[in-house]
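> sequence first, predicted coordinates after that:
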Amino acid sequence: MADESKRQELLKKLADGVWKFEEDEVAKAASEVISLGLDAYDAIMNGLAKGMEEAGRLWEEEEYFVPELLLCADALYAGLGILRPHVRMEDKAKSKGVVVIGTVQGDVHDIGKNLVKMMFEVAGFEVHDLGKDVELERFVEEQLKTNAELVCLSAMMTTSMLGMERVIKMIRAKNPKVKIMIGGAPVTQDVVQKFGADGTANSASNALREALKMVAALRTM
Amino acid sequence: MTSTKTSREKVLNLLNGKRDGELLCFSGMGNVTTEGMKETGIRFAESHTDAAKMAALAATTYKLFGFECAVAPFDVAIEAEAVGCPINFYTHVDPQEILYPTVKGKIVKSAADIRIPDNLASAGRVPVVTEALKLLKRDIGDAVAIGTYIMGPFTIAGQTMELNDLLKICLKKPEHVDEILHVYAGLVIKLVDIYSAAGADYITIREMGACSDVVRPSLFKKLVEPHLRRIFESAPVPLVLHICGKSNGIMDSMNQCRAGAISVDQKNDLHETRATIGPAPILLGNFDPYNVLVKGTPDDVSRAVEECVKSGVDAVWPGCDIWPTVPKENMETLMQAVKKSR
C-alpha cells in the first residue's frame, strides 16, 4: 500500500494537470493511482474535480476563458477514462442525483452545457444528456421517464433563450417539485426569476455546487 | 430641435461621424415584431427564404412605430449557408413558433476546406437578402436608412467548424486560426460590396463569437482585430462593429478597427467605454432588448432609455436583435422616450 504522502502527491498531480491542461501528466498520474492500488473514486473527486474547481476559479477571475476550460476538460477526461473503470461498485451506487441536461431548441451551442455535464458526471450524478437544439417537449418527457430531480437548460443567445421559459412551465405543470437550473451567456439572475427557474451559475463548478444544494434540499423535503 | 433632414440622412450623418445633436433610435440588427407580422400577415418562419416577405416584414417596425431603420435579414446563418453548411429552417415546427434558422452541420476543419463560391452573389440566401434590400430601398429607401448585417470572421469560423476545435486551436495553433480568419475576412469584404451595391446604407459586422465571455481580450487583439481592421479599411458604406457579451476588455481593440460606429450590449459599462475610446467615436447601445423591452414595463423602458442617454450613447440602439414578441406599448414608449430626450 502506498502511503498517505504518495496519495497526496498523486492527487495534486491530477488536480494540477487538469487546471494546467496537461493531458499527458494527468494520464500518467491516473495510471499510477491504479497501479498502486489507490482508490479511483478518491482520485476522481479529490484530484480531477479539484483541478476543475481551480479552473472554474480562474474562469471567474477572468484568468481563463472558454478555450482554456476546454483544454482543462480534455485533461480531466484523459484521467477519468483511466480511473472510472476502477471505481468500486459501492461508490458507483452513491448516486448524487439524476439530472436531465440539454441546449434548447433553436440553439446549437453546447460547450457550456458539456462542461456542466462533465462536472455532474465527475461528481457522480446520473446524467441524461439530450444534446443540443432539443425540442422543448423532450425535456418534459425525459424528466418523467428518468424521474430526474434536476433539469438543466442551456442557451447561448437571447433569440434562443425564450424556449427555456416554456420548458419550465411545461415541467412544472407535470412535476412541480423538480429543480430547474438555466445557464448560458444571456442568462442572469433577473432571467431566472422572470422564467421561474430555481437557479443559475456562472461556471461549471458553481453549477455543480448549486445542483448539490438543490438536490440535498429536495431530499430533506 | 427638429430639422428638415430625413430620418435616413440623420442616421447616415451619424454613422459618418457627424453628430446633429438629435437623438436617434434605430438598430443594425433584426427588429421585426409580432405586430408587424399581424399587420402584414407574414409568418416569421416564411420570411427567411422569401425576399418580398423579408422586405415587407423588415419595413414594419419603421412603418408602425417610427423606428429609424429597416434591417434585413433576421437570422445569423446567411454566411455559413453561403459556404455550404446545411441550415435548419425549422419548417417541421409549428409555423406560429418564432425560431431563428440555425447551422445544422459543420463542414470546415481548416482553411483549406473553405470554399467561397465564385459567384457569391447567387450563393445560398445571399440573393434573397440582396433582393430584400432592393425592395426596401424602393419602398421606403428615400425616408429611412436601409441596413443589413454580416457575421465577423471569427463568428463565421465558429459557425462553420466545430466550435470546440476552433477555440482549442486558438491556443494550440493560432496560425491556423489566422489562416481561417483571413479567408473569412475576404468573404465578409465581398458581402459588404454585394450588399452595398444592392442598396444597403449601412452594414453591421457582428463579431459576438469573439466577445470576452468566450476568448481572452489579448487573443482578440492578436488574432481577431487585424482581420476586422482589414474589413473596415475598405468599406464603401458605413460599417458598425457590434459585439454583444462582455466587451469592455476589448474596447481599445474595437476602437482600433476604425468602424463608423461601435455597438455594444447591456453587459458593457458605457462610462468605462467612453473613458477608453474618448469622445470622438460614435457609440451605439445598449438597452436590453429582452429583459427590458419584452419583459419590462413601459416605465422600465423609459428608465433604460434615460440610462443609455446618461451613459453617453449617440443613438439609443438595442444590444441585440429585438425579440419579436415585444409588446406594442413598450415599442411606443421606447420611441416616445427617445423623442422626449431630444
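On my side now, so go ahead.

> who's in contact with stretch A:66-77?
A:17-23, A:25-26, A:48, A:51-52, A:55, A:58-59, A:64, A:111, A:114-115, A:118, A:122, A:204, B:164, B:167-168, B:170-172, B:213-216, B:219 (Cβ atoms under 8 Å, 6 or more residues apart in numbering or on different chains). C-beta coordinates here come from the backbone N, C-alpha and C atoms, glycine included.

> residue A:101 against residue A:131, yeah?
No: Residue A:101 is beyond contact range of residue A:131, at 9.3 Å (criterion: Cβ atoms under 8 Å).

> who has more neighbours, these two?
residue A:101 (28 against 13; other Cβ atoms under 10 Å in any protein chain shown).

> quick one: secondary structure of the more buried one?
Secondary structure, DSSP: H, G, I helix; E, B strand; the rest coil: residue A:101 is strand.

> who does it form a beta bridge with?
Judged by DSSP bridges, the bridge partners of residue A:101 are residue A:129, residue A:152.

> for it, give me the pLDDT.
Residue A:101 is assigned a pLDDT of 98 by the prediction.

> for residue A:158, same thing?
81.

> surely it and residue B:289 touch.
Yes: with contact defined as Cβ under 8 Å, residue A:158 and residue B:289 form a contacting pair (6.8 Å).

> follow-up on the earlier one: of the contacts of stretch A:66-77, buried ones?
For the contacts of stretch A:66-77, a burial check counting by 16 or more other Cβ atoms under 10 Å in any protein chain shown picks out A:17-23, A:25-26, A:48, A:51-52, A:55, A:58-59, A:64, A:111, A:114-115, A:118, A:122, A:204, B:164, B:167-168, B:170-171, B:213-216, B:219.

> which neighbours do residue A:158 and residue B:289 share?
B:320, B:321, B:323.

> got the contact list for the first one?
Read that as residue B:320. Applying Cβ under 8 Å, 6+ apart, we find residue B:320 in contact with A:157, A:158, A:159, B:29, B:244, B:265, B:289, B:290.

> at 10 Å what do you get?
Contacts for residue B:320 (Cβ atoms under 10 Å, 6 or more residues apart in numbering or on different chains) come out as A:157-159, A:186, B:27, B:29-30, B:206, B:208, B:242, B:244-245, B:263, B:265-266, B:286, B:288-290.

> count the neighbours of residue B:71 for me.
31.

> before we move on, what about residue B:179?
Using other Cβ under 10 Å, residue B:179 has 15 neighbouring residues.

> which residues of the stretch 101-250 of chain B lie near chain A?
Selection of the stretch 101-250 of chain B residues close to chain A by Cβ under 10 Å from any Cβ of the partner chain yields B:101-106, B:158-159, B:162-172, B:208, B:211-220, B:244-246, B:249.

> gap between stretch B:161-181 and the chain center?
24 Å (Cα atoms, centre = their mean, to the nearest Å).

> mean confidence for it?
Stretch B:161-181 comes out at a mean pLDDT of 97.

> likewise for stretch A:32-39?
For stretch A:32-39, the per-residue pLDDT averages 96.

> in it, which residues are buried?
Applying 16+ other Cβ under 10 Å to stretch A:32-39 flags A:32, A:33, A:38, A:39 as buried.

> out of those, which one sits closest to residue B:87?
residue A:33 (46.6 Å; Cβ to Cβ).

> and residue A:168, how close does it get to residue A:207?
Applying Cβ to Cβ, to the nearest Å, the value for residue A:168 to residue A:207 is 17 Å.

> go on, residue B:46?
38 Å.

> which one of those two has more residues nearby?
Of the pair residue B:46 and residue A:207, residue A:207 is the one with more neighbours under other Cβ under 10 Å, namely 25 against 14.

> and the residue nearest to the more buried one when sequence neighbours are not counted, what pLDDT?
Using Cβ to Cβ, 6 or more residues apart in numbering or on different chains and skipping residues adjacent in sequence, the residue nearest residue A:207 is residue A:201, 3.9 Å away. For residue A:201, the pLDDT comes out at 93.
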